[in-house]
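Q: This is the structure alone, sequence omitted:
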């Protein structure tokens, strides 16, 4: 059994084993030596394509540019999901982001 040398007894209780050395890993990362579960692969992101389709559908139905906030409310996606979808669509050349009063997203001609 290890000794608790902290003045705060909760720190030893809340710190998972192997984390006492101060090493931090990003959320969802597997501990060293453990294989990653197949669902945690970065390429397996089914929600990303769905978010892109929903953003494109809203832009087509609006017949004009929409702000990220408007897309957020219209698609019922989170702001980060909308931003990620817009970034993916912009990388594909399907949308353009312009700065007016707010940043607006519009479909490209191509």
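A: Looks like it came in fine. Treat the numbers as computed from the prediction; the structure is a model and nothing was measured. Numbers count the residues shown, from 1 in each chain.

Q: In contact with the nearest residue to residue 54 once chain neighbours are set aside, which residues?
A: Excluding the flanking residues, the one nearest residue 54 by Cβ to Cβ, 6 or more residues apart in numbering is residue 75, at 4.4 Å. All C-beta spots, glycine's among them, are computed from the backbone N, C-alpha and C. Listed by Cβ atoms under 8 Å, 6 or more residues apart in numbering, the contact set of residue 75 reads 51, 54, 55, 58, 82.

Q: again, but for residue 106
A: Per Cβ under 8 Å, 6+ apart, neighbours of residue 106: 59, 64, 65, 66, 95, 96, 98.

Q: That one is in what secondary structure piece?
A: Assigned by DSSP states H and E, residue 106 falls within strand 103-107.

Q: what lines up beside that strand in the sheet?
A: Within its sheet, strand 103-107 is paired with strand 66-67 (antiparallel), strand 95-99 (antiparallel), according to DSSP bridges.
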